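Visitor: give me the fold of what follows.
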Amino acid sequence: MSDAQSARPAMPPLADRVRDAHHTALRRLSARCQEIGGVNLSQGVCDLPAPDALKDAATAAIADNRAMYTHVAGIHDLRDAIARKMQAFNGVTCDPASEVAVTVGSAGAFASIAMSVLNPGDEVVTFSPYYTYYTGALKLLDVRVRYVNTHAPDWRYDSKELAAAFSPRTRMVLINTPANPTGKVFSQDELREIAGLAAAHNAWIVTDEIYEYITYDVPHVSMASLPEAAGRTITMSGPSKTYAVTGWRVGYAVGPAEVIEKITVVSDLLFICAPAPLQHGVLAGLHLPDAYYAQMRADYRAKRDLLADTLRAIGFEPFLPQGAFYMMADFGAGCYADALTAADTILEEVGVATVPGSPFFAEPAEGATQLRFCFAKSMADLEDACRRLKRLTR
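Guide: Model prediction:
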């Protein structure tokens, strides 16, 4: 140790809330994949080109010096377009002036929602496997998460287990549909069952519908379109996955005016506003024709099926997703010591990055023989990944 190091005073303590907070294995695996020039099927980054309409509108907004803060709830035209889209696609009527908030990504929406409706010690019911960002944020807020297990291959849950997860402290039910990492699309019957329990416990329902346009043979149903759920539901979504602009960090929340007003206050305190020129780019995206979405779904279906066929060919059991662009797959007991070992081995052996399944499960042992694959890639890159996977020695 140098004299300068020994003379340095002790670092002040960190907050208790971050004592056990760490980056996931996904970050390490993605970085290693880049180092070795592999194909990254781990992170849902949508490395496809964004539609020209979005890029042109954002570029024009920059050239037009639209660089100032926007209204805390987002530019008027964007909120108006979101309201029209919610009516036409989601079956949800909302007032763009008071029931729509543009946020810094859907993650920013969730942070603002959670801080607006939850207190330390409250409980949130959600489904496992789950999206780890949201559960991590809830832990930072000292909120207890109660999990309802869903099970492969079709990721159904047990109604009795769902009912048992609710308690007098339940303040929110959190749903991701279509879901990351499983691709589960909640049916209308399931949503009605959840809505009934939320009403019985006077709990908010928060739905993450970021993958709403990416479904296969099943309809996307928005919880807020159900009359029994509308007054207590906050819907989150955004352009990140639909238009391949994950780094633009624009999302939105739609819900009752009273809670949206508080969400915009919190969002203002944390982030001020979403990036101004990119809001104009997203606005252009909301005017794309139906043909764009039909082609996107067809492209993802072809990629899903190619990946599933490849995984079957190498002895994996893929669980075909109903929506989104992730696929969970079981590599079988005895092939690798655990999911993290499997991910590391596959990356080093053939240069394909995946994500261990265990961290997505409330009971990690249930994912000990599963990996998550992301197929939001160009077809050329996905075909490369599939050729590499077929070289695996098992």
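
Visitor: quick one: V117 and V259 touch, right?
Guide: Yes - the criterion here is Cβ atoms under 8 Å, and V117 meets it with V259 at 6.6 Å. Any C-beta I mention is one placed from the backbone N, CA and C, and that applies to glycine too.

Visitor: shared neighbours, the two?
Guide: Common contacts of V117 and V259 (Cβ atoms under 8 Å, 6 or more residues apart in numbering): W204.

Visitor: now V355: closest residue in space, sequence neighbours ignored.
Guide: In space, and not counting its chain neighbours, V355 is closest to R372: 4.3 Å by Cβ to Cβ, 6 or more residues apart in numbering.

Visitor: all strands for the stretch 51-200 of the chain, in order.
Guide: Counting by DSSP state E, counting those that start in this stretch, the segments of the stretch 51-200 of the chain that form strands are 100-103, 123-128, 144-151, 156-157, 170-176.

Visitor: helices or strands up against the shortest one?
Guide: Here strand 156-157 is seen to pack against strand 144-151 when contacts are counted using 3 or more Cβ pairs under 8 Å, 6 or more residues apart in numbering; DSSP states H and E.

Visitor: so the strand it packs on versus strand 170-176, what angle?
Guide: Going by axes from the mean of the first three to the mean of the last three Cα atoms, to 10 degrees, strand 144-151 is angled at 40 degrees with respect to strand 170-176.

Visitor: can you name the residues bridging to T150?
Guide: Y157 (DSSP bridges).

Visitor: I'd say it and Y157 touch.
Guide: Yes - counting by Cβ under 8 Å, Y157 is a contact partner of T150 at 4.8 Å.

Visitor: anything in contact with each of those two?
Guide: Counting by Cβ under 8 Å, 6+ apart, the residues touching both T150 and Y157 are F127.

Visitor: tell me, how many residues neighbour the nearest residue to G351 once chain neighbours are set aside?
Guide: Distances taken as Cβ to Cβ, 6+ apart put G38 closest to G351, at 3.3 Å, once the chain neighbours are dropped. Using other Cβ atoms under 10 Å, G38 has 22 neighbouring residues.

Visitor: so what's G38 up against?
Guide: Counting by Cβ under 8 Å, 6+ apart, G38 makes contact with R32, L347, V350, G351, V352, A353, R388.

Visitor: please redo it, this time with the cut-off set to 7 Å
Guide: L347, G351, V352, A353 (Cβ atoms under 7 Å, 6 or more residues apart in numbering).

Visitor: which of those sit farthest apart?
Guide: G351 and A353 (8.1 Å; Cβ to Cβ).

Visitor: pretty sure G238 sits against V250.
Guide: Yes - judged on Cβ atoms under 7 Å, G238 makes contact with V250 at a distance of 6.0 Å.

Visitor: those two - which one has more neighbours?
Guide: Counted by other Cβ under 10 Å, G238 and V250 do not tie: G238 has more neighbours, with 29 against 25.

Visitor: now do the contacts for the residue lying closest to that one once chain neighbours are set aside.
Guide: Distances taken as Cβ to Cβ, 6+ apart put G251 closest to G238, at 3.3 Å, once the chain neighbours are dropped. By Cβ under 7 Å, 6+ apart, the residues touching G251 are T103, G105, S106, G108, A109, M236, S237, G238.

Visitor: same thing with V206?
Guide: V206 is in contact with I113, M172, L174, I234, M236, counting by Cβ under 7 Å, 6+ apart.

Visitor: now for the protein, the helix or strand with the poorest mean pLDDT.
Guide: Between all helices and strands in the chain, the lowest mean by mean pLDDT, DSSP states H and E belongs to helix 3-7, at a mean of 61.

Visitor: next structured bit after that one?
Guide: helix 25-36 (DSSP states H and E).

Visitor: so what does that next one touch, helix or strand wise?
Guide: Where contact means 3 or more Cβ pairs under 7 Å, 6 or more residues apart in numbering; DSSP states H and E, helix 25-36 is packed against helix 339-350, strand 352-353, strand 355-356.

Visitor: out of the ones you listed, which is closest to A179?
Guide: Closest to A179 of the helices and strands packed on helix 25-36 is strand 355-356 (Cβ to Cβ; 14.5 Å).

Visitor: parallel or antiparallel, which strands does the helix or strand just after the closest one pair with?
Guide: The helix or strand immediately downstream of strand 355-356 is strand 370-374, counting by DSSP H and E. Using DSSP bridges, strand 370-374 pairs in its sheet with strand 326-330 (antiparallel), strand 355-356 (antiparallel).

Visitor: send me strand 370-374 as CSV with only the CA atoms.
Guide: Output in CSV follows, covering the C-alpha atoms of strand 370-374 (Å, rounded to 0.1, in the frame of the first residue of the first chain):
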residue,chain,number,x,y,z
GLN,A,370,-32.7,-23.2,-17.5
LEU,A,371,-31.2,-20.4,-19.7
ARG,A,372,-32.9,-17.4,-21.3
PHE,A,373,-32.2,-16.6,-24.9
CYS,A,374,-33.1,-13.3,-26.5
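
Visitor: still on that earlier bit, between G351 and A353, point out the one with more neighbours.
Guide: Ranked by neighbour count (other Cβ under 10 Å), G351 and A353 place A353 first, with 26 against 19.

Visitor: dump the residue contacts of the more buried one.
Guide: Applying Cβ under 7 Å, 6+ apart to A353 gives the contacts L29, S30, C33, G38, N40, L41, S42, L347.

Visitor: tally of neighbours for D142?
Guide: Quick note: D142 (other Cβ under 10 Å) scores 13 neighbours.

Visitor: run through the neighbouring helices and strands of the host helix or strand of D305.
Guide: In this assignment (DSSP H and E), D305 forms part of helix 290-313. Using 3+ Cβ pairs under 7 Å, 6+ apart as the contact test, the elements touching helix 290-313 are strand 317-319, strand 326-330, helix 379-389.
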